[in-house]
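Undergrad: Compute the structure for the input listed below.
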Amino acid sequence: MKKKRKSISYAKWGYIFILPFFASFFIFSFIPLADTIRYSFFEYYRSGIKEIGPNFVGMENYVSLLESDMLKYAGNTIILWVIGFIPQIVIALLLAAWFVDIRLKIHAKQFFKVVIYLPNLIMASAFAMLFFTLFSTNGPINEILMAIKIIKEPIDFMGSIFGTRSLVGLMNFLMWFGNTTIMLMAAIMGISTDIFEASELDGCNSIQRFFRITLPLIRPILAYTLITSIIGGLQMFDVPQILTNGQGRPDRTSMTLIMFLNSHLKSKNYGMAGALSVYLFIVSGILCFFVYRMTNGNNSDKPGISAKLRKRARRG
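TA: A predicted model of the protein is given here:
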């Protein structure tokens with residue numbers, strides 16, 4: 001009789017290697033998340049040296065937040081995110097298309113990639129301190145403008161709603177457009193050159209090629225960029241916190257949701273902070289779901305030029 005060979009299973013090694021990740025996720029992420037949700041249903045805060053709670057209050061914290069200025073701060077957060085994201089995605093798409101286009105013959109591409117990515121390496125707090133110094137009333141920007149006779153008196157950039165929000169949006173744009181550009185360049189470089197060659201033979205101009213071929217084919221990366229940007233926008237904290245010294249000036253028009261959350265944590269109001277965290281989690285999930293559905297919808301009923309060119313390139 002022939003002896004049966006024992007089959008060796010290596011599947012267990014895969015589970016062993018991923019076990020540290022799941023253990024750390026469970027300890028440092030899942031347990032704190034569950035605790036946050038649990039505390040959101042309790043009255044738990046500190047008044048002076050006296051600690052109140054935890055006392056179960058049900059949905060009272062959630063109702064109190066809706067009656068507070070939370071919705072106003074949510075509007076501030078969305079406005080600040082939009083101001084920074086729209087120029088970021090537009091400039092990133094243009095730069096990515098230009099750098100990848102072989103016909104433009106741009107020299108020193110690696111140098112430009114490094115330069116546009118450099119702001120992403122600077123800490124947001126350091127970036128905010130730099131802008132706070134540059135655009136203060138007695139800062140270099142005002143001194144230069146006065147020296148060349150453009151203005152007669154210093155401009156209080158951080159004393160107006162438009163000025164403060166514009167600075168926050170500009171900082172977010174400068175910090176992240178380089179990272180977005182690199183990702184979009186990688187996505188465009190992943191498109192087969194045969195498709196672009198087929199489009200040229202069919203007489204497509206640059207604008208048609210960009211909107212009907214490039215954009216549809218990099219839609220998954222665009223969805224990823226938009227989703228991560230939304231999550232980052234809802235978590236916006238360090239830039240407006242440092243620029244306005246945590247006050248959300250002027251008139252709390254630059255106060256974000258995370259700054260509002262931080263104020264509850266500073267006052268040791270863990271119940272309200274937990275409820276606000278749950279609200280943020282739910283809103284992030286809903287927004288990301290809609291963005292994913294919008295950017296990855298089923299368009300099989302109406303195949304675009306890119307699908308036709310794909311078939312033609314395969315035949316050719």
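Undergrad: ok, now how distant is the residue nearest to F135 when sequence neighbours are not counted from A124?
TA: Once flanking residues are discounted, F135 sits nearest to F157: 4.3 Å by Cβ to Cβ, 6 or more residues apart in numbering. (Glycine included, C-beta is placed from N, CA and C.) Distance, F157 to A124, by Cβ to Cβ, to the nearest Å: 19 Å.
Undergrad: which of the two has more neighbours?
TA: F157 (21 against 17; other Cβ atoms under 10 Å).
Undergrad: Quick check: that one vs V100, distance?
TA: Note on F157: its distance to V100, by Cβ to Cβ, is 37 Å.
Undergrad: Name the SS class of I151, please.
TA: coil (DSSP: H, G, I helix; E, B strand; the rest coil).
Undergrad: Thought L145 was touching it, still the case?
TA: Yes: with contact defined as Cβ atoms under 8 Å, I151 and L145 form a contacting pair (4.7 Å).
Undergrad: which phi and psi does F56 have?
TA: phi -70, psi 130 (degrees, to the nearest 10).
Undergrad: who's in contact with D35?
TA: Residues in contact with D35 (Cβ atoms under 8 Å, 6 or more residues apart in numbering): none are found.
Undergrad: go on, K72?
TA: 252, 255.
Undergrad: again, but for the one 5 residues further on
TA: By Cβ under 8 Å, 6+ apart, T77 lies in contact with 233-234, 236, 256-257.
Undergrad: Now render these as JSON lines, adding neighbour count.
TA: Listed next are the contacts of T77 as JSON lines, based on neighbours: other Cβ atoms under 10 Å:
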{"residue": "G233", "neighbour count": "20"}
{"residue": "L234", "neighbour count": "20"}
{"residue": "M236", "neighbour count": "22"}
{"residue": "T256", "neighbour count": "26"}
{"residue": "L257", "neighbour count": "25"}
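Undergrad: Helices - which of these land there?
TA: Using DSSP state H, the members of those that fall within helices are 233-234, 257.
Undergrad: what comes up buried for the longest helix along the chain?
TA: Determined from DSSP H, the single longest helix within the chain is helix 70-100. Buried residues in helix 70-100, counted by 16 or more other Cβ atoms under 10 Å: 70, 73-74, 76-81, 83-85, 87-89, 91-93, 95-97, 99-100.
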